Every structure is written in structure tokens, then in C-alpha cells.
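**Student:** okay, structure incoming, though there's no sequence with it:
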């Protein structure tokens, strides 16, 4: 059975303290890996799509990378406004429906 | 502006009532989806539709129903058969099946 696991469940950082969030997956035939940001009480906001191992994408302080087994979302010099839950989703095999992880709740203290 | 509009934002349901959540998109997307989100859990798929007049059950379809009579609209009815309906409901769409999914702002449903 396909599975997507995000770690850690929660992460607290000081402003400016860089770190990484992990999304590991066990699927057959990865078609795409998606990262979303979700603020409390709102719908997820699309950040990145990665398609193949070695691919990287950046947006402001965020950088997403992909290997054959996992993806990392690197946050460089985070600010309090980066506080949110970050969701990872994987699309694989013959299904076009992505499977979502449970998310990592990030809090950045000023 | 293009986007996905869900209404109402907050909805209260009495025991035994059916309620309908609205989802409208003006992105000209073919595929639409309904997810349920509970605290500490990932998004769970309720129903999805690849094209007008066609839809399929997701992982947790029991107690829910949908229709797709227009490309722009994909309403979700939470029936009295749904035993634990209190949750945050998210509507989403993609240009076609297999492409990036974009979400609406969500609707909170509470059973009173």
C-alpha cells in the first residue's frame, strides 16, 4: 500500500534558524510530489511540484528537493510569517489521485 | 479573479438533517474533488469528478453524495447517514486528472 510520511509532526524554530522538513514515500512509479502550505482555517496553498529524483525548486525562503525515497522542504532564515502547516502529497502509478501526508506544523518565533 | 469558491464558510447541522456544501470554480478546470480534513489526519478523499456528469467514490464516500451537472460546480451533500460529519471540508480542482490540484478556502461543518 502506498504511504506518505511527514516528519517531524511539529517543529519550532527561532527566526533565522534554518531547517528542513521531510516527506518520505513508499510508492510504485512516482508521477509527481507536491508541497502545499496551509494556514489555520484555510485551504492548502500550492507551493511546488517535483517530478523526478534530483529535481529542485525554489520560492523565496523555501527550496524543495527530491530523491527516489523522499523529499525535503528546506527553509532558509525563516520568518514568523512562514509559520503554517506544510503538506506533502504523492501521485503514483496508475492513479492520478495524490495521497497526502499528515503534515508538519511549523512555528517560527520572533 | 479566478479561483475556487466554497460556501458557506461555517455551517451547523442538526442530527438527522442533510446539508449541502457549495463549490464553484471559474478556472475552466475539468476535474474537481472533495476532501475531508480532521485534526491530526491527512486529507481524505470523499468524491472526485474527472468530467461533467461523471464522478467516482473516494476513500470515505459513505454518507456523502455529489453531483456534477455543470463544469463549474461540484456540490457535496452530507447526509444523515454520515455518523461523524463534524470536520473541515475542502473542495479542489485541477485542469485535468493528474495535474496539480488547487484548493478552495474550506467549509467548517459542525453537528449540534
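**Tutor:** In hand now; what should we look at? Model, not experiment: these values are computed from the prediction.

**Student:** flag every residue of chain B that's near chain A.
**Tutor:** B:4, B:6, B:33, B:40-43, B:45, B:48, B:58, B:88, B:90, B:92, B:97-98, B:100-106, B:108 (Cβ under 8 Å from any Cβ of the partner chain). Placement of C-beta: from N, CA and C, glycine included.

**Student:** now list the buried members of these.
**Tutor:** Buried members of the residues of chain B next to chain A, scored by 16 or more other Cβ atoms under 10 Å in any protein chain shown, are B:4, B:6, B:33, B:42-43, B:45, B:48, B:58, B:88, B:90, B:92, B:98, B:100-104, B:106.

**Student:** now, those that are in strands?
**Tutor:** Assigned to strands by DSSP state E, the following of these qualify: B:4, B:6, B:33, B:45, B:48, B:88, B:90, B:92, B:102, B:103.

**Student:** of those, which is the nearest to chain A?
**Tutor:** For those, the closest approach to chain A (Cβ to the nearest Cβ) belongs to residue B:103, at 3.7 Å.

**Student:** contacts only, for residue 46.
**Tutor:** With no chain named, the answer covers chain A. Listed by Cβ atoms under 8 Å, 6 or more residues apart in numbering or on different chains, the contact set of residue A:46 reads A:34, A:36, B:100, B:101, B:102, B:103.

**Student:** let's do chain B instead
**Tutor:** By Cβ under 8 Å, 6+ apart, residue B:46 lies in contact with B:34, B:35, B:36, B:58, B:59, B:60, B:61, B:64, B:66, B:76, B:89.

**Student:** the first one contacts residue B:67, doesn't it?
**Tutor:** No - assessed by Cβ atoms under 8 Å, residue B:34 is found out of contact with residue B:67, at 11.5 Å.

**Student:** the two: which is more packed in?
**Tutor:** Neighbours were counted for residue B:34 and for residue B:67 using other Cβ atoms under 10 Å in any protein chain shown; residue B:34 has more, 27 against 15.

**Student:** ok, and the closest non-adjacent residue to the residue sitting nearest the centre point of chain B?
**Tutor:** In chain B, the residue lying closest to the centroid (Cα atoms, centre = their mean) is residue B:34, at 3.1 Å. Residue nearest to residue B:34 in three dimensions, not counting chain neighbours: residue B:46, with 4.3 Å by Cβ to Cβ, 6 or more residues apart in numbering or on different chains.

**Student:** now do the shared contacts for residue B:34 and residue B:67.
**Tutor:** Contact criterion Cβ under 8 Å, 6+ apart; residues bridging residue B:34 and residue B:67 by contacting each: residue B:74.

**Student:** near chain B, which residues of chain A show up?
**Tutor:** Checking chain A against chain B by Cβ under 8 Å from any Cβ, the hits are A:4, A:31-32, A:34, A:36, A:41-46, A:49, A:87, A:89, A:91, A:96-103.

**Student:** buried ones among those residues?
**Tutor:** So, of the residues of chain A next to chain B, A:4, A:31-32, A:34, A:36, A:43-44, A:49, A:87, A:89, A:91, A:96-103 end up buried under the neighbour-count rule (16+ other Cβ under 10 Å).

**Student:** many thanks, we can stop here.
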